[in-house]
Every structure is written in C-alpha cells, then in structure tokens.
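In: Attaching a predicted model along with its sequence, questions to come.
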Amino acid sequence: MSALTQTRAAAALRPAAVLRRRGRADAVIAPLITLVVLVSLWQIAAWASPLREDLFPGPAAVAAKLPELLADGTLLSAVGTSLFRALSGFAIAVLVATPAALLLAHLPLLRKGLGPLVSAMQVLPSIAWVPAAIILFGLSDATIYTVLLLGAIPSIINGLLSGIDMIPAQYSALSRVLGASRRQHIVHVELPAALPGYVAGLRQGWAFAWRSLMAAELIAVGGSLALGVGSLLQRGRDLADLPLVMLVILVILLVGVLIELLCFAPLERKLLRDRGMTRTGENHG
Amino acid sequence: MGVQLNEVSLSYPGTGLVIDRLSARIEDGEFIAVLGASGCGKSSLLNLIAGLLAPTEGWLDVPDDGAAFMFQDSNLLPWLSAGRNVELALKLAGHPKDTRQARVDQLLELVQLGHAVHKKPHELSGGMRQRVALARALAQDRQVLLMDEPFAALDAITRDLLHEELRSLWEQTGKTIIFVTHNVREAIRLSGRILVLSSHPGRILETRRITEDLRRNPAQSAALADELTTILRKEQRKHERTDAN
C-alpha cells in the first residue's frame, strides 16, 4: 500500500467525534485569524493616515476608551439595559409570531390577505417606525418595544411559514394513514418538521430585533428612557467622540455575534445533526 | 374482512383518467401483488384504498379501521429514533403509554432490529429503514397492509432478505397484504395472486394465481416471469406512444 493510500485509509478510519472536534476548532481559529489580520490592517492604516487621531482613530485609541467607560459603569449599564430590552422584546415577538404563523399556515384565506403584508413589513426598515412610535408613545420603553416587535415579528412568522411550506407532502400522508387528528399532526409532525425553518426565522428575527433596538435607542433618547447602547452611540456623535462611537459599534457587533455563536449556531447545528443533515459548505473533515 | 373494489375510477385534473372502472375482490388474509409498468396507477390504487384519495366513480369497501400503509421510501420522521417512529404509530392508535415501550421492543425484534431502537433514520441503512417502516406499519395493528414498492430502492441481497422476512411475517400474522411492484420476480416470489394492470388508464389486464408448487419450480416461475414481462413491456411501449402523441 502506498503512503498516500495509507494516509487516505487512516483519514477514513478517523472517528467522527475527532473530525467534529477538529471542525469546531477550525470554526474558532479561522475567524480569530481574520480578526487579528483586520485589526492589524486597521492599526497600520491609522498610523499611515494623514488624518488626526480623533478623526481616524486606530484600534489602540478605541481600546483606550474602554477603561474609562468601564470605570464609571456606563458601558455595562448600557449593555445590560439593551440586552434586557432585546431579550424580553424577542421573547414577546416569539410568543406573538408563533401562533400567528400557525394560523396563517392553516387558514389559506387569511394567508392570502395578510401574507403579502407580513412580507412587506419584513422589507420595511424598522427605523421608519421610530417617528410614529415616538408620536404615539413619547420617549418611553413602549416606543422602543414597538419598533423592536415590528422588526422581529415578520421575520419569525415568515421563518415558521417557510419551514411549514417545505415539509414533504408525504408527511401529511403519513399522518393521515397513522390516523392523526389535525392537532396531533401539528404537534407530532408539522412543528418538529418545520423546526429548522423556524430556527432560521428566529435567528433572523433576533438580528432584526437587535438592529431595530439600536435604531430606536439611537433616535429615542431622553425622557424616562434608560441609557442603552444605541443611546451611547448618539452620545458619541453629540460629543464628536469618534473613538467612543467606534467602541460602541464594536460592542453592538460583539453582542450580536455572541448571541449568534452561543445560542443560534449550536441550536441549528444540533437540529441538523439530529436529522443527519449539515449546513451547506460546512466541513467536517 | 378483505377489500372490495367496484367499478372504481380515478381522474386527476389535467392528467385525465388514471384508473378506469377497476373491480377486484381481495380476500381476508390474502397476499396479493399489483403489477404494472411505471405510471399505470398502481400507487394511486393504494392511495384510494388507504383513503388518501377519493374515487371519481365507483365504490370501495375496506375494513372500518382502514389500512396500514408502507411507503416506497421509508418516510420515517428524521428527528425521531427508530423506536420513537414506531411508538408514534402506537400513540396515535391510542395505546396507553405504559404498554408502548414493550410493544415497540417486540415489533423491532420482529423485524430483526431490536438493537437499533435508539438509532436515528440517517444512522440506518436503506434496508434497516424499510424494516423500521414495516414495524411502524405493523404497530397500527390493522388487518390490511398496503405496501407501495417498499423494496424498490434496495440492493438485491437486502431485498432478498426482506422478501423472506415479509413472507414469514405474513404467515405469522395472517394479514391481508396488497403489495404494489413493477418487479415481476418479486410479485411471483411473494404473492398468492398477481393482478397485472394496464397502462394509462389502469385496468386489470390479467389475474394469475401463484401456487406454492409454481413458486418452488424454477422453470415454471421463469416461464411465468417471461410471460408477464412481455405483457408489461407491451404496456410500457403503449404508454410511451400515448405520451409521445
């Protein structure tokens, strides 16, 4: 047997768990390397730039802002406020969107009437709702939650609907030959079968919720509203403090990525693995 | 109680007549094969008996509790283990929770899969998946079992093995089995009677009884297989000509 054939045979015999661990390590190392390269390029560009540091701050200048914001508690308090709003708003969006999607899936006439509206709402940038919400609810949490819900709900509805639409017709035939009632079909077959689409919708719904929240916090500042991350961004703008603005942008990005990496990515991976599927382009070797 | 089909016709909008005034009586405990070329309405016939489709004309008489169904591809739910797939059929049939696990183990043992109760469908081979599907069909505990080309996608060795197991299960349970296939040798090997369907629309062309003596006699089996294959080829050509026109 040649050395190449032996290597191939050894690779084929490598246990799946080892390959999976290696795949996971690659998934961490590759983005880390990308991050280091990008931050280095940013710093080099800042050094090489003829602009003043306050007009084109490098990563070192942005990072220097961090101890100050951590020391007076502003950053942690703002992140805490925004995260609470985002998570509670997202939970409400899930509770509203899930039964709404089930109703639309099972009432064709309702879907014909409301389906295009839901899709249109998904296309509308949620920042467009902010002025109307401020007029209706003033500078209060109701304004923030209204914008967040209008941003997240359509995505979750469309995710679950497309999950249900993609269920193979044979599953309905199976339910019928097994003698399932409509409720039993929904609980035992339809919802589990639609779960990958639903999770994709939740993922997108979370992204929309987080973006909508930032848009709302950016515009709706003052009144009885606690300071969120978006408002901190606005403060940076008012003070023409670009390092603060850049730092807040990075924090917004970090929170979004962490929720994605800690919640949605593992959930989706588990769902697909349980069904013997992988994401397109995912490499297990 | 068996199954009675009386002048049953089925049309699909756009496709026209699929089954044309088909009459047949399938006796209780009989193993019958429905043989036909692709597109002759074999699967539609099973869907009619299962109640998944309604006839456009004529009537059917099937047992009150309906019929169990085994699909061409196993149609197992991919998020459930083999055991849970079988258990779902028991649950929907109203079996109490405390008796279900024992029955699942019993059914999976019956199809030689006692060791695979916790395996997910994607961890099983094609033959094993079809065995789980068979266990699930048996879990419905109905006298009539409809099988829609269940072994068509399997390799020859696995198919051979499953033929033996299915014959043995039929002998043990005495169920009425209606087995749809386009494989002439499979029909001769398994059934006691073969209904040959014409192509587009499906009508009964031939009915052949298969005795144990014929089954055990290779020369007679081969002669019948040749004869039925010739009929099917003729039908297939007719079907292709109709499609071309």
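Out: Structure received.
In: how about residue 144, phi and psi?
Out: By default, I'm working from chain A. phi -60, psi -50 (degrees, to the nearest 10).
In: Switch to chain B, please.
Out: Main-chain torsions, residue B:144, degrees, to the nearest 10: phi -100, psi 130.
In: before we move on, what about residue B:61?
Out: phi -120, psi 110.
In: residues touching it, list them.
Out: For residue B:61, the contact set (C-beta atoms under 8 Å, 6 or more residues apart in numbering or on different chains) comprises B:3, B:4, B:5, B:6. The C-beta positions use only the backbone N, C-alpha and C, and glycine is treated the same way.
In: Provide a list of residues in contact with the residue in chain B that chain A sits nearest to.
Out: Using C-beta to the nearest C-beta, residue B:122 is the residue of chain B that sits closest to chain A, at 2.4 Å. Going by C-beta under 8 Å, 6+ apart, residue B:122 touches A:275, A:276, A:277, B:78.
In: what does residue B:78 give?
Out: Per C-beta under 8 Å, 6+ apart, neighbours of residue B:78: A:274, A:275, A:276, B:120, B:121, B:122.
In: before we move on, back to that, what about the contacts of residue B:122, which one has the most neighbours?
Out: residue A:275 (19 neighbours; other C-beta atoms under 10 Å in any protein chain shown).
In: That one touches residue B:80, doesn't it?
Out: No: Residue A:275 is not in contact with residue B:80 according to C-beta atoms under 8 Å; the separation is 9.9 Å.
In: what residues do the two have in common as contacts?
Out: By C-beta under 8 Å, 6+ apart, the residues touching both residue A:275 and residue B:80 are residue B:120.
In: Look up phi and psi at the residue minimising distance to the centre of chain B.
Out: Centroid check for chain B by C-alpha atoms, centre = their mean gives residue B:147 as the closest residue, at 1.7 Å. Main-chain dihedrals, residue B:147, degrees, to the nearest 10: phi -130, psi 120.
In: now swap in residue A:55 and tell me
Out: According to degrees, to the nearest 10, residue A:55 has phi -100, psi -20.
In: Leaving out chain neighbours, which residue sits closest to it?
Out: Using C-beta to C-beta, 6 or more residues apart in numbering or on different chains and skipping residues adjacent in sequence, the residue nearest residue A:55 is residue A:242, 6.6 Å away.
In: close enough to count as contact, the one you found and residue A:248?
Out: No: counting by C-beta under 8 Å, residue A:242 stays clear of residue A:248, with 10.7 Å between them.
In: Give me the more crowded residue out of those two.
Out: Applying other C-beta under 10 Å to residue A:242 and residue A:248 shows that residue A:248 carries more neighbours, namely 27 against 19.
In: Could I get the contacting residues of the nearest residue to the more buried one once chain neighbours are set aside?
Out: Leaving aside its sequence neighbours, residue A:248 sits nearest to residue A:233 (C-beta to C-beta, 6+ apart; 4.6 Å). When contacts are counted by C-beta under 8 Å, 6+ apart, residue A:233 touches A:214, A:217, A:218, A:245, A:248, A:249, A:252.
In: and residue A:233, how far is that from residue A:245?
Out: 6 Å (C-beta to C-beta, to the nearest Å).
In: repeat for residue B:179
Out: From residue B:179 to residue A:245 the distance is 72 Å (C-beta to C-beta).
In: Tell me the buried residues in the helix or strand of chain B with the lowest mean pLDDT?
Out: The weakest-scoring helix or strand in chain B, judged by mean pLDDT, DSSP states H and E, is helix B:218-244 (a mean of 83). The neighbour-count check on helix B:218-244 (16 or more other C-beta atoms under 10 Å in any protein chain shown) flags B:221, B:224, B:225, B:228, B:231, B:232, B:235, B:236, B:239 as buried.
In: Pick the one among the residues you listed closest to residue B:12.
Out: Of all the buried residues of helix B:218-244, residue B:12 sits closest to residue B:239, with 15.7 Å by C-beta to C-beta.
In: Need the phi and psi values for the residue lying closest to the closest one once chain neighbours are set aside.
Out: Leaving aside its sequence neighbours, residue B:239 sits nearest to residue B:199 (C-beta to C-beta, 6+ apart; 3.7 Å). Residue B:199 adopts backbone torsions of phi -100, psi 130, taken as degrees, to the nearest 10.
In: Alpha carbons of the one helix or strand the residue nearest to residue A:248 maps to, as PDB, please.
Out: In this assignment (DSSP states H and E), residue A:233 forms part of helix A:229-238. This file holds the C-alpha atoms of helix A:229-238, laid out as PDB (Å, rounded to 0.1, in the frame of the first residue of the first chain):
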ATOM      1  CA  VAL A 229     -26.100  51.000  23.700                       C
ATOM      2  CA  GLY A 230     -27.800  52.900  20.900                       C
ATOM      3  CA  SER A 231     -28.100  56.000  23.000                       C
ATOM      4  CA  LEU A 232     -24.400  55.700  23.900                       C
ATOM      5  CA  LEU A 233     -23.700  55.800  20.200                       C
ATOM      6  CA  GLN A 234     -25.800  59.000  19.900                       C
ATOM      7  CA  ARG A 235     -23.800  60.500  22.900                       C
ATOM      8  CA  GLY A 236     -20.600  59.800  21.000                       C
ATOM      9  CA  ARG A 237     -22.000  61.600  18.000                       C
ATOM     10  CA  ASP A 238     -23.100  64.600  20.100                       C
END
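In: helices and strands around the following helix or strand past it, which ones?
Out: Once helix A:229-238 ends, the next helix or strand along the chain (criterion: DSSP H and E) is helix A:242-259. In terms of contacts (3 or more C-beta pairs under 8 Å, 6 or more residues apart in numbering or on different chains; DSSP states H and E), helix A:242-259 is packed against helix A:59-71, helix A:74-106, helix A:191-219, helix A:229-238.
In: Next, the buried residues of the helix or strand following the longest one.
Out: Sequence-wise, the next helix or strand downstream of helix A:74-106 (DSSP H and E) is helix A:108-123. Buried residues in helix A:108-123, defined by neighbour count with 16+ other C-beta under 10 Å: A:111, A:114, A:118, A:121, A:122.
In: Now do the contacts for the first one.
Out: Same thing as residue A:111. A:104, A:105, A:161.
In: What of the second one?
Out: Contact criterion C-beta under 8 Å, 6+ apart gives residue A:104 as the residues in contact with residue A:114.
In: So which residues on the stretch 101-250 of chain A come close to chain B?
Out: Residues of the stretch 101-250 of chain A lying close to chain B (C-beta under 8 Å from any C-beta of the partner chain) are A:170-171, A:173-174, A:176-180, A:184, A:188-189, A:192-193, A:195.
In: From the residues you listed, pick the one nearest residue B:17.
Out: Among these, and counting by C-beta to C-beta, the member closest to residue B:17 is residue A:173, at 22.3 Å.
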